[in-house]
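1. Just a sequence and a predicted model for now, questions to come.
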Amino acid sequence: MNTHIQKKFNQKFNIFLSKHKLRSILIAISGGQDSICLINLIEDFQEKYNKKLKITYIYIDHQWTKRSQQQIKHLINIIKKTKKKFIIHQINQSVNSELKARELRYNILIKYSIKHHYRHIITAHTQTDKTETFLQHIIRGTSLNGLTSFNEYRKFNNTIHLYRPLLEFKRTEINWLCRKLYLPIWSDITNYNYTINRNRLRNELIPYIHKYFNYNIDKKINDFLINAKLENEYITQNAIKLYLYSRHKINIALNYNLIYKQHIALQIRTLQIFFFIIQNTVLTYN
């Protein structure tokens, strides 16, 4: 019997595969409940709708705890039942920063995708991850562009794309499905390490907001980000038009007089585009 989550996932995933005409996908898993649920949903989808789809699972082990080897064995036992290819990449260097660890993971995933000709990487991020990322960005003092960067579909470059099929589901929904299907969830002790800022957000700040401010904080933030994304796209499109109109036909230069007459938001975006194109440099706020 299909649950509402399975039905919704199957519909979305089928549209995604058809739109991009995919025959193979690379699925990045972490070992937590979201990843285990994603494995189950994709295997169920393949059995029902697309048995020819080539699926490869990849796990990147930072070796942060002594139990990392046990977690790998747990994942091997799960993937073994699917009879799919399973890649394990162990990182020997010590990475204490969450940001650097994420960048390292994505670099590994992109390199593997390029080498083995995968065009799409699938991850198990949920709407709750989107809420956590939003709060992290706010605390760091990001821009509108940074706030709206965590989307269901993202382009790394012209050939490699990232897709998050669970981004419309809350972590509580995923947990419900895992319990209903009796999925073997690994309890990761690093999720309670409060030197990682995201864990403190997840286990303390967000539950506090749920209880005392707004129970539907995930939905409210998601609604805000949808509107913010539309506004950000409007500013970006106009900045691109201004860049194309004001750039010099021969020299590496912009027409100062044309740009100076525009709103400060367009001036900033146009300069960001200019420096990114000529130097591959992302300008900071300062």
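-> Yep, it's here.
2. quick one, helices of the chain?
-> Assigned by DSSP state H, the chain shows helices spanning 4-20, 33-49, 68-82, 98-115, 127-140, 144-147, 171-180, 197-200, 206-212, 217-246, 256-260, 264-279.
3. Tell me how many other residues crowd residue 188.
-> 17 (other CB atoms under 10 Å). Where C-beta positions appear, they are placed from N, C-alpha and C, glycine not excepted.
4. wait, it sits on residue 74?
-> No. With contact defined as CB atoms under 8 Å, residue 188 does not reach residue 74; the gap is 10.4 Å.
5. Quickly list what's touching both of the two.
-> Counting by CB atoms under 8 Å, 6 or more residues apart in numbering, the residues touching both residue 188 and residue 74 are residue 31.
6. Tabulate the helices of the chain (CSV), appending distance to residue 121 and mean pLDDT.
-> Listed next are the helices of the chain as CSV, based on distance: least, CB to CB, whole Å; pLDDT from 0 to 100:
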stretch, distance to residue 121, mean pLDDT
helix 4-20, 12, 93
helix 33-49, 12, 93
helix 68-82, 17, 89
helix 98-115, 5, 88
helix 127-140, 15, 91
helix 144-147, 21, 86
helix 171-180, 19, 93
helix 197-200, 20, 86
helix 206-212, 26, 92
helix 217-246, 21, 93
helix 256-260, 37, 93
helix 264-279, 23, 90
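7. a markdown table for those helices, including mean neighbour count and distance to residue 157?
-> Listed next are the helices of the chain as a markdown table, based on neighbours: other CB atoms under 10 Å; distance: least, CB to CB, whole Å:
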| stretch | mean neighbour count | distance to residue 157 |
| --- | --- | --- |
| helix 4-20 | 15 | 15 |
| helix 33-49 | 20 | 24 |
| helix 68-82 | 15 | 28 |
| helix 98-115 | 15 | 8 |
| helix 127-140 | 18 | 21 |
| helix 144-147 | 16 | 18 |
| helix 171-180 | 17 | 30 |
| helix 197-200 | 16 | 26 |
| helix 206-212 | 12 | 33 |
| helix 217-246 | 15 | 18 |
| helix 256-260 | 11 | 28 |
| helix 264-279 | 15 | 14 |
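8. Export those helices to a markdown table and append columns for distance to residue 27.
-> As requested, the helices of the chain are exported to a markdown table (distance: least, CB to CB, whole Å):
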| stretch | distance to residue 27 |
| --- | --- |
| helix 4-20 | 11 |
| helix 33-49 | 7 |
| helix 68-82 | 10 |
| helix 98-115 | 10 |
| helix 127-140 | 16 |
| helix 144-147 | 26 |
| helix 171-180 | 16 |
| helix 197-200 | 22 |
| helix 206-212 | 27 |
| helix 217-246 | 24 |
| helix 256-260 | 44 |
| helix 264-279 | 31 |
